[in-house]
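*Asks:* Just the structure for this:
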Amino acid sequence: MAKTTILYIDDNEDNVFMLRSRLCRAGYDVVVAHDGAEGVHLARERMPDVILMDITLPHLDGLSATRQLKNHPRTRDIPVIVLTAHAGAKDRERALESGADDFETVPVRLPRLMAKIEHLVERRATA
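*Replies:* Residues are numbered from 1 along each chain as shown. Sure, this is the predicted structure:
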């Protein structure tokens, strides 16, 4: 069975190093983009199984990048999980309104995040 490919879009090098390392050790293939525009480009080019999207990004914020991905026929079905330190109800609401499939707060609880990733990948495979 092929590895699940995750596109992780985040400009914080510490977050990227920590989460990418943990996800790779768990068996995922992780591609990283450091801003929203690069993330949209890589999503269209690589067609990952799932996208982890920070909200606060340079060049194109995460919510705008999510809208672009969800409004494009090539990428609209790729699940997006928004990762953010902003944990308020309004933040979750804004993320879901942008088209995100799920929402997770930072610091990430890896078992919960992996369960969400697997659920979204399985749901997409059976759709």
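
*Asks:* quick one: the strands in this structure?
*Replies:* For the chain, the strands defined by DSSP state E occupy 5-9, 29-33, 50-54, 80-84, 102-105.

*Asks:* can I have the shortest one written out in PDB, keeping just the CAs?
*Replies:* What follows is the C-alpha trace of strand 102-105 in PDB, where atoms were taken according to Å, rounded to 0.1, in the frame of the first residue of the first chain:
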ATOM      1  CA  ASP A 102     -11.400  19.800   9.900                       C
ATOM      2  CA  PHE A 103      -9.600  22.000  12.500                       C
ATOM      3  CA  GLU A 104      -6.900  21.200  15.000                       C
ATOM      4  CA  THR A 105      -5.200  23.400  17.500                       C
END
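
*Asks:* what's in contact with that strand?
*Replies:* If you take Cβ atoms under 8 Å, 6 or more residues apart in numbering as the criterion, strand 102-105 is touched by 79-87, 91-92, 95-96, 112-113, 116, 120. From N, CA and C alone the C-beta is placed, and that goes for glycine too.

*Asks:* strands paired with that strand, and their directions?
*Replies:* Strand 102-105 pairs in its sheet with strand 80-84 (parallel), by DSSP bridges.
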